[in-house]
Each structure stands twice: as C-alpha cells, then as structure tokens.
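Undergrad: Here is a sequence with its predicted model. Questions after.
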Amino acid sequence: MSEIPAGAMRFNSDSQKLEYWNGSAWFQVHTATPNLGTSGDRQPGARGFFAGGIVPGSYQTQIDCINIASAGNSFDFGDLLVAAFGASACASRTRALQGMKEASSGGYSAQVDAWEIASLGQVFDFGDLVTAKRSGGSGGNQTRGLFFGGQPGGGSVAVTDYFTISSPGNYQDFGDMSTTLAEGFAAGISSPTRTIAAGGGSSKASIYATIPTLGSWQDFGDALTGGGQGADDGCSSATRGLFGGVYVPGSRTNDIEYITIASLGNFTNFGDLSQSRSATGACSSKTRGVWGGGATPSYVNTIDYVEIPTFGNAVDFGDLGRNVQTVGGTSNAHGGL
C-alpha cells in the first residue's frame, strides 16, 4: 500500500461520513454547526462575520454578521475593542478571533480580539501576536489558528503565529513563509489539515502549511492572476478553496479561482464576482462561499456568494451595513472545521 499523504480526503461508505488523513489516522470532517438559537436575526447554523475595516475617513470597530444559509442583509453583532483596518480573522465552531491590524490610535496593534459566536457583542482581549503587524492572512482548524505574513511597518515579515483557539494567551512561532509571499495581502484558506496562502505583492505563488505540525511552508502552485488578494479574500470547504478579487497595480479583477486543497497544482477559473473589486472579506459554510465589502476603488457594501461544489458566477446575497474595505472575514463553518 502506498503512503497516504497528510490532508488526503475519503468518503467512508460505512459511516457515510467524509474523513481526512492527519498523517497517522483518519478523522471525521464535521459538517454540523452549533445551534445558535432563534431570537430575531439569530438563526441556527452557519454564521459569517465581517469585522472592522475602514470606511472613508474612519477606522471601524463594527462587526457585521450574516446567516450564511439564507441570503439577506447583515445585522450588527457588536464592536471590536480596537478600531482597526487591514485585519484578518479565523474561527473554531464556537469562537472567532481577529488580529493583524492598523489601529486608529496610531501604529500597528499586536492585540487579538475574540468573541463567542453564539452570543452577541461579548468581545474580549485574547492575547498578543508575536509581532505587531497588519494585512497578513489567516487560517486554521477547530483547534489551532494561524496568522501569517503581514506588514509591521516599513517592510514585511514571513513570520507565522499560531495559537490554541480554546485557550486565550499570547501566540507562538509556527515557522516562516516563503519570502515570495511575505509582502502582505496574501489570502488564506484551510481544510482540517492544511492552510494555503496565495498572492501578496505581485506574486502568483501559493504555499501551504500542515496545521497540526510546526515548520516551514511548502510550495503549492500558481494562481492565474498575480497581485494582492486582500487578507481575507479566500474561503473554502474541506476539499476546495476559492480566492476572489485581486488588486493588480492600476486595476482590480472580478476573477474567482479555485484549488483542490489536498493536492498540489495551479489554480483554475471558477467564475466571477458580481463586481471587479479587491480588499473584501470572505467567509464560508461547507457548501457556500461569501464575499463582503471591498473597493472598486469606491468602497462598497456588496455581499455576493457562490455554491462551492459547483462552478459559476457569484450572485447577490444582500448588503453589509456600511460601505467598507479590508474587513476580517470568518465563520463557524469554514472548510478547516
């Protein structure tokens, strides 16, 4: 029997469940999300967030929330502790975190804000990144979250910070990214075993890290379009990752590209966003990818979505509560969970 690569997926016909190989054993991919109760906008199932960002003349604390399974406008979830833009976000099924941001008070912030997904408005200080920076990417699974790359001011870093989502505290060093993606604005997506970073600067490169381990990143393949993806322009199921919208100097695209996460290789065309824009936030369920906000270059409140298992153009989902770009996007049902 040939060696099974870490991150491989299979369908178990006995249990009727999707499973992934972590390098030593098969583990079930969770497809359920917490029942969040029903009270007004609070509906059961997958919940997506667009946190912080910048509107013309103002850094933001607002967290917009959507119910991913049902199209409609966002509702106000609460406020971050630090008004900031250029941030990235990640989540387990019960807790979300946002970090890597430029604060309105001046300078870059190492602080990571966190909130419990089933509640409204209860944001708390989770801990600090190893390096204060903005405009990096993020990924992770149910247990571990990663913040990678970014700009600490006057340059960029290849550092990857990791943490245990259930345990507040300061972050630890995971390993370094390839220098080609250290310019910031790389987007991240995840399966339960892999995080993949793409874009950044003018690069078409993408690289991956194995989430349960520590160490350096490895080459994955090339995107169709090189340029700054925007820190949270990626979304995924457990098997497929999507990246939407790219800033190329002088222009923006509406391209959506996809990859099969467990394999290695170049990106393939999936379809188009409803607008040519960059600096969006993105979130996902197991079947649906959603992009919100961004710059065309005018700031917009657009939310559009695709069905991840298919191909095609994004369609209207609803509107955010503000015209905003560089929001931190995440959910309690993304492909890493």
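TA: Alright, I've got the coordinates.
Undergrad: hey, let's count contacts and neighbours off CA atoms from now on
TA: Fine.
Undergrad: which residues in the stretch 201-337 of the chain form strands?
TA: Along the stretch 201-337 of the chain, counting by DSSP state E, counting those that start in this stretch, strands occupy 205-210, 218-222, 234-236, 240-244, 247-248, 251-252, 255-260, 268-272, 281-284, 288-292, 302-307, 315-319, 328-331.
Undergrad: Lowest average pLDDT across those strands?
TA: Comparing mean pLDDT over those, the weakest stretch is strand 247-248, at a mean of 76.
Undergrad: Now render the strands of the stretch 201-337 of the chain as a markdown table, adding mean neighbour count and distance to residue 66.
TA: Below are the strands of the stretch 201-337 of the chain laid out as a markdown table (neighbours: other C-alpha atoms under 10 Å; distance: least, C-alpha to C-alpha, whole Å):
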| stretch | mean neighbour count | distance to residue 66 |
| --- | --- | --- |
| strand 205-210 | 24 | 29 |
| strand 218-222 | 18 | 32 |
| strand 234-236 | 34 | 15 |
| strand 240-244 | 27 | 19 |
| strand 247-248 | 22 | 25 |
| strand 251-252 | 16 | 26 |
| strand 255-260 | 22 | 21 |
| strand 268-272 | 18 | 21 |
| strand 281-284 | 33 | 10 |
| strand 288-292 | 28 | 10 |
| strand 302-307 | 23 | 10 |
| strand 315-319 | 18 | 9 |
| strand 328-331 | 33 | 9 |
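Undergrad: Could I get the ones you listed in TSV, plus columns for distance to residue 198?
TA: Formatted as TSV, these follow (distance: least, C-alpha to C-alpha, whole Å):
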stretch	distance to residue 198
strand 205-210	4
strand 218-222	8
strand 234-236	9
strand 240-244	8
strand 247-248	13
strand 251-252	16
strand 255-260	11
strand 268-272	13
strand 281-284	14
strand 288-292	17
strand 302-307	20
strand 315-319	24
strand 328-331	16
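Undergrad: Which among those is found nearest to residue 17?
TA: Proximity to residue 17 (C-alpha to C-alpha) singles out strand 240-244 among the strands of the stretch 201-337 of the chain, at 16.9 Å.
Undergrad: Please put the alpha-carbon coordinates of that closest one into PDB.
TA: Provided in PDB are the C-alpha atoms of strand 240-244 (Å, rounded to 0.1, in the frame of the first residue of the first chain):
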ATOM      1  CA  ARG A 240     -11.900  23.100  -2.300                       C
ATOM      2  CA  GLY A 241     -10.500  26.600  -1.800                       C
ATOM      3  CA  LEU A 242     -11.700  29.700  -3.600                       C
ATOM      4  CA  PHE A 243     -10.000  33.100  -3.900                       C
ATOM      5  CA  GLY A 244     -11.900  36.100  -5.300                       C
END
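Undergrad: which secondary structure elements does it contact?
TA: strand 187-190, strand 234-236, strand 255-260 (3 or more C-alpha pairs under 8 Å, 6 or more residues apart in numbering; DSSP states H and E).
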